[in-house]
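**Student:** Sharing a model prediction with you, sequence too.
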Amino acid sequence: MSAEKRATKSPSKKRQPPSDKPKAKPRRKAPKKGAKIEATVPAKRSKVTAVKESVVAKPALRTRICEMFGIEYPIIQTGMGWVSGASLTSATSDAGGLGILAAATMTFRELQEAIAKVKERTDKPFGVNLRADQADIMKRVELLIREKVRVASFAQAPGERVVRTLKDAGVLTMPTIGARRHAEKVQAWGVDAVIAQGQEGGGHTGQIPTSILVPDVASAVDIPVVAAGGFRDGRGLVAALALGAEGIAMGTRFLLTQESQVPDHVKKIYLDTAPNGTVVTKAVDGYPQRVIRTRLIDQLEKASFLTRFPRAALNALSLMRVTGTSLPELLEEGLAMRQSQELTWSQLAMAANAPMLTKASMVDGKVEAGILPTGQVAGVIDEIPTVEELLRRIMREAHDTLERLGA
């Protein structure tokens, strides 16, 4: 039983003072190497179906993004690089949420194939996450338009030209932001919605906690705001709606589902991570990024730039090969990043660290050679459900929470 659950059941017990040293959560016995991690969610189909119908009838749970994106539940699966493939994306959309393909780490051909696979598996709306500074961004934009993809999401401001092109073609745009001023800026460009990610979120993240960021952004813009950073269940969904959001976006919670392509032994590390077992570091690529604290992270933080730079340069070349980028395109992309984000050349070299070190863990399963991006919420997750079970459970919990509150 997790610490959070114990605290809920026995509020009278004294809490131990916080420790700087991560404490392991009590877990089930580790599965044998190569064994599949099974879901532990009880399958009560008749009850789930009955609650599902009553949930849909709750006006508070049928928000603007449901109508806008054509989805049943106000739940979005974020476009996590190397993680959000066709299987996870189609499963999320088919279950009633909005699945988003992670195209930032795909070649153009891989993106074409992934979109085709999603369409083969579901006829529900889905999205594609893009990097606005990629050399072939407009080619990718045209692909989304041609394939009639419902939503284009971005991990950074996409630029007015990209937004306008997508908007004119009927593709909705939704960038992720970490500050009120960023939301105001992209709204002026014409984006349709924003994901406001708080500091609790995984991967590259800002400095403002979700509980402060979301209401601040929601009061500043007229477009729908989706809350991200620290969400995993129906209580969190209701809390996000109370803060002014129109739904929630989750990465880590979807990473820890059966449809996620992350190797099982890597998922086990996430399950064993304590709530204080993550760290926000700039040692990977020069930007604040939340990851699981590992020996590699400690080594990177202690290393000087002179010792990190050779590895970063090699990662830049590896990233070029993996994504099918030519050297001229890599230089063009680097110049664009340097101009738009005001990066130094040393920061540009380090920028390849994050995707390649993430690939080492999430694709190759070489945990000792890679990084494990995660939200703090990993510390309170202890099972691997299917996506359908997860979404229905979240909506059931949201429904029960609203009933408890008299809503």
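**Tutor:** Received the coordinates, thanks.
**Student:** mind showing which ranges of this protein have poor pLDDT?
**Tutor:** Along the chain, the parts satisfying pLDDT under 70 run over 1-57, 305-353.
**Student:** give me that answer again for 90
**Tutor:** 1-58, 104-105, 132-135, 155-157, 282-287, 295-360, 368-370, 407 (pLDDT under 90).
**Student:** center of it - which residue?
**Tutor:** G251 (3.1 Å; C-alpha atoms, centre = their mean).
**Student:** Which residue, other than its chain neighbours, is closest to that one?
**Tutor:** T78 (4.3 Å; C-beta to C-beta, 6 or more residues apart in numbering). To be clear about C-beta, it is placed using only N, CA and C from the backbone, and glycine gets the same treatment.
**Student:** could you measure the one you found against T173, distance?
**Tutor:** As for T78, its distance to T173 is 15 Å (criterion: C-beta to C-beta, to the nearest Å).
**Student:** quick one: which of the two has more around it?
**Tutor:** Set side by side, T78 and T173 show more neighbours around T78, with 30 against 24, by other C-beta atoms under 10 Å.
**Student:** Now do the phi/psi pair for that one.
**Tutor:** Main-chain torsions, T78, degrees, to the nearest 10: phi -70, psi 160.
**Student:** Against A303, how distant is the residue nearest to the centre of the chain?
**Tutor:** Using C-beta to C-beta, we find G251 at a distance of 27 Å from A303.
**Student:** again with R290
**Tutor:** Look at R290 and A303: by C-beta to C-beta, they are 19 Å apart.
**Student:** quick one: which of the two has more around it?
**Tutor:** R290 (23 against 13).
**Student:** That one falls within a strand, correct?
**Tutor:** Yes - applying DSSP: H, G, I helix; E, B strand; the rest coil, one finds R290 inside a strand.
**Student:** Please shift the residue numbers so they start at 14 in all later answers.
**Tutor:** Right, with 14 as the first residue, what we last looked at is R303.
**Student:** before we move on, the earlier item: for the residue nearest to the centre of the chain, what are phi and psi?
**Tutor:** The phi/psi pair for G264 (degrees, to the nearest 10) is phi -110, psi -60.
**Student:** Kindly report the same for P188.
**Tutor:** Main-chain dihedrals, P188, degrees, to the nearest 10: phi -80, psi 160.
**Student:** Stretch 202-218: which residues count as buried?
**Tutor:** Buried residues in stretch 202-218, counted by 16 or more other C-beta atoms under 10 Å: 202, 204-218.
**Student:** can you pull out the strands in the stretch 264-413 of the chain?
**Tutor:** Per DSSP state E, counting those that start in this stretch, the stretch 264-413 of the chain carries strands over the ranges 291-294, 302-305.
**Student:** highest average neighbour count across the ones you listed?
**Tutor:** Stretch with highest mean neighbour count among the strands of the stretch 264-413 of the chain: strand 302-305 (a mean of 23; mean count of other C-beta atoms under 10 Å).
**Student:** tell me what that strand is packed against?
**Tutor:** Under the contact criterion of 3 or more C-beta pairs under 8 Å, 6 or more residues apart in numbering; DSSP states H and E, strand 302-305 touches strand 216-217, strand 291-294.
**Student:** Dump stretch 136-147 to CSV, keeping only the CA atoms.
**Tutor:** Written as CSV, here are the backbone C-alpha positions of stretch 136-147 (Å, rounded to 0.1, in the frame of the first residue of the first chain):
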residue,chain,number,x,y,z
ASP,A,136,-11.9,5.7,-36.5
LYS,A,137,-11.8,8.1,-33.6
PRO,A,138,-10.1,11.5,-33.6
PHE,A,139,-6.4,11.7,-32.7
GLY,A,140,-3.5,14.1,-32.7
VAL,A,141,0.1,14.4,-33.7
ASN,A,142,2.8,16.1,-31.6
LEU,A,143,5.3,18.2,-33.7
ARG,A,144,8.5,20.1,-33.1
ALA,A,145,8.0,23.6,-34.7
ASP,A,146,11.8,24.0,-35.2
GLN,A,147,12.3,20.9,-37.4
